[in-house]
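J.: Fold the following for me, if possible:
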Amino acid sequence: MNGMTLDFTILGPAFVAGLLVLATHVPMGRQVLARGIIFIDLAVAQVAGLGAITASLFDWDVHGFEAEIAAFAAALLGALLLWWTERAWPEIQEALIGVLFVLAATGGILLLAHDPHGGEHLRELLVGQILWVDYARLLPTAVLYALVLAAWFGLRNTRNPLLFYPLFAITVTVSVQLVGVYLVFASLIVPAIAVRGLPGGRGLAVGYGVGALGYAAGLLLSLWFDLPAGAIIVWTLSGCALIAALLTARLLKSAP
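T.: Residues are numbered from 1 along each chain as shown. Below is the predicted model of the structure:
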């Protein structure tokens with residue numbers, strides 16, 4: 001009984017964290033896919049991580065308020081830069097997103113080059129520490145995501161870059177702190193790919209279902225086989241998305 005209780009106290013907050021991330025990332029991922037800027041989340045997430053790494057150089061707590069402000073400021077600057085490049089050079093926007101990603105990634109490596117714990121910091125940034133979250137940390141995240149979703153669905157003009165990029169920067173910054181860069185990308189893009197043929201509400205509902213099943217399966221496998229949670233969730237998300245995509249294609253093909 002104690003083992004089961006311990007497992008639930010670990011898996012419960014982690015699964016809620018995954019659901020919170022999916023709440024914002026599934027609709028945003030569909031917009032990212034529609035805009036054809038697939039790797040923007042990786043770039044902005046990496047820039048947010050660079051901001052957090054910079055904060056750690058000042059001996060600020062990497063999970064503290066100061067580090068989150070630094071990460072958000074960096075992500076917002078990166079998002080606004082990409083908004084400007086979209087207006088200035090739309091034909092090479094995807095390439096510029098890739099350049100920003102690699103600059104932020106290598107910038108983090110350079111900043112941590114002389115830190116004895118640099119490798120650990122980079123691993124946490126990329127893979128995340130989803131199993132270490134608790135409900136107290138998730139409450140302000142839930143409030144912020146609710147505001148983001150209210151703006152996202154309430155304003156109904158998410159194709160406007162002046163709305164899309166700031167909301168995207170806020171969301172990705174918080175998500176990177178919770179689940180890491182890899183899961184941010186997977187949560188945005190993988191469900192969106194799985195339901196790309198489904199319209200509106202149906203696509204959102206199936207995307208949320210795919211994401212929830214992927215997180216649940218990944219967390220269970222992580223605990224059972226003592227595997228890194230973030231990495232295995234990426235795989236289970238992809239597996240669930242593949243099944244959903246095949247079923248969706250068959251249903252659409254057979255529909256009159």
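
J.: CA only for contacts and neighbour counts going forward, please
T.: OK.

J.: ok, residues contacting stretch 29-38?
T.: Applying CA atoms under 8 Å, 6 or more residues apart in numbering, the contact partners of stretch 29-38 are I40, Q93, E94, T158, R159, S187, L188, I189, P191, A192, I193, R196.

J.: Which one of the residues you listed is nearest to L100?
T.: Distances from L100 to the contacts of stretch 29-38, taken as CA to CA, are shortest for I40 (9.1 Å).

J.: Show the pLDDT at the residue nearest to that closest one when sequence neighbours are not counted.
T.: Spatially, and ignoring its direct neighbours in sequence, I40 is nearest to I97 (6.0 Å; CA to CA, 6 or more residues apart in numbering). For I97, the pLDDT comes out at 91.

J.: Report the contact partners of I97.
T.: I97 is in contact with F39, I40, A43, L82, counting by CA under 8 Å, 6+ apart.

J.: Just those: which are in helices?
T.: I40, A43, L82 (DSSP state H).

J.: so which of these is the most crowded?
T.: Neighbour count (other CA atoms under 10 Å) singles out A43 as the most crowded of the ones in helices among the contacts of I97, with 27 neighbours.

J.: That one and F101 touch, don't they?
T.: Yes. In this structure, A43 is within contact of F101 by CA atoms under 8 Å, at 4.1 Å.

J.: how close does the residue nearest in space to the middle of the chain sit to L22?
T.: What sits nearest the mean C-alpha location of the chain, by CA atoms, centre = their mean, is V184, with 1.9 Å. Going from V184 to L22 by CA to CA, to the nearest Å gives 9 Å.

J.: just to revisit the earlier point, in which helix or strand would I find the residue nearest to the centre of the chain?
T.: helix 181-194 (DSSP states H and E).

J.: Tell me which helix or strand comes right after that helix.
T.: helix 200-225.

J.: Which parts of the stretch 51-200 of the chain are helices?
T.: Remark: helices assigned in the stretch 51-200 of the chain by DSSP state H, counting those that start in this stretch are 65-88, 93-111, 118-127, 135-155, 161-179, 181-194, 200-225.

J.: Go through the fifth one and flag the buried ones.
T.: In other words, helix 161-179. 161, 164-179 (16 or more other CA atoms under 10 Å).

J.: Stretch 123-143 too?
T.: Using 16+ other CA under 10 Å as the test for burial, stretch 123-143 gives 124-131, 133-134, 138, 141-142.

J.: Could I have the CA atoms of it written out in CSV?
T.: Output in CSV follows, covering the C-alpha atoms of stretch 123-143 (Å, rounded to 0.1, in the frame of the first residue of the first chain):
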residue,chain,number,x,y,z
ARG,A,123,20.1,17.8,-19.2
GLU,A,124,17.4,19.2,-16.9
LEU,A,125,16.7,22.0,-19.5
LEU,A,126,16.3,19.5,-22.3
VAL,A,127,14.6,16.5,-20.7
GLY,A,128,12.9,18.2,-17.8
GLN,A,129,12.1,17.1,-14.3
ILE,A,130,8.4,16.3,-14.6
LEU,A,131,8.5,13.8,-11.8
TRP,A,132,9.7,16.4,-9.3
VAL,A,133,6.8,18.8,-9.7
ASP,A,134,4.2,19.3,-6.9
TYR,A,135,0.7,20.7,-6.7
ALA,A,136,1.8,23.9,-5.0
ARG,A,137,4.0,24.7,-8.1
LEU,A,138,1.2,23.8,-10.5
LEU,A,139,-1.4,26.2,-9.0
PRO,A,140,0.1,29.4,-10.4
THR,A,141,0.8,27.6,-13.7
ALA,A,142,-2.8,26.6,-14.0
VAL,A,143,-3.9,30.2,-13.4
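
J.: And for that stretch, what's in contact with it?
T.: With contacts defined as CA under 8 Å, 6+ apart, stretch 123-143 is touched by 10-11, 13-14, 17, 20, 49, 174, 176-183, 228-231.
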